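using only what follows, build the 3D model:
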Amino acid sequence: MPEQSTESSGPLWRAIIIFVVGIGIGFSLAYYWFEVKPETKDSSQSEAKRDGYQKSIPESSVSNGIILSATDDIAVVSVSDQSAGSLVTVDSLTMANSGWVAIRENIDRTVGKILGAQRFDAGTYANISVELLRPTVSGSRYSAVLFKDDGDRTFNYQYDLLIERDSKLVESQFLAK
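The predicted structure follows:
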């Protein structure tokens with residue numbers, strides 16, 4: 001029986017090694033792209049602001065309908081106590097730039113999950129509605145919180161910036177009756 005030459009198996013092993021290394025690099029890049037994603041938006045925004053859940057609201061930060069600004073933005077939102085349901089009526093809204101009104105739960109003075117959001121172009125509005133994915137519950141408190149749209153016209157609490165001034169959210173709290 002003739003022996004196989006090691007010269008002919010060398011290119012095969014090199015091809016296998018290159019293939020395995022390529023697969024490893026591909027998986028690493030895919031993980032980085034889909035899981036890690038470098039911050040390309042405002043890197044000064046803290047993780048607590050981006051995570052969309054459990055941002056504590058100090059007693060002094062409530063600003064019902066007061067004009068507050070984030071950078072050069074003017075933003076005002078006002079919501080009155082209203083009946084529980086799957087729609088929230090916003091009494092008035094003024095925004096210098098396109099943005100979102102998000103309705104969030106308030107649990108023990110902490111802003112909780114987002115129940116729904118509606119995008120509005122820059123301007124002043126009166127008696128507008130925000131449709132919710134889950135209805136408000138009678139006796140519970142909620143907040144209408146403003147987000148600045150990042151330009152993609154799609155709501156994403158991780159990338160659309162909370163509008164705030166002096167570490168105070170631009171918001172209006174209300175009670176569902």
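
go through this protein and flag its longest helix.
In the chain, with assignment by DSSP state H, the single longest helix is helix 6-31.

so who does F155 touch?
F155 makes contact with W100, A102, A117, R119, F147 under the criterion CB atoms under 8 Å, 6 or more residues apart in numbering. All C-beta atoms are positioned from the backbone trio N, CA, C, and that covers glycine.

from those, which is closest to L132?
Distance to L132, by CB to CB, is smallest for A117 among the contacts of F155, at 9.1 Å.

was I right about the closest one contacting W100?
Yes: if you go by CB atoms under 8 Å, A117 and W100 touch, sitting 4.8 Å apart.

identify the contacts common to those two.
Common contact partners of A117 and W100 (CB under 8 Å, 6+ apart): F147, F155.

looking at these two, which is more packed in?
W100 (26 against 22; other CB atoms under 10 Å).

where's that one, which helix or strand?
strand 99-107 (DSSP states H and E).

following that strand, which helix or strand comes up?
Downstream of strand 99-107 (by DSSP H and E), the next one is strand 110-120.

name the residues that touch that next one?
In contact with strand 110-120 (CB under 8 Å, 6+ apart) are residues 52-57, 88, 93, 95, 98-106, 128-136, 142-143, 145, 147, 149, 153, 155, 157, 169.
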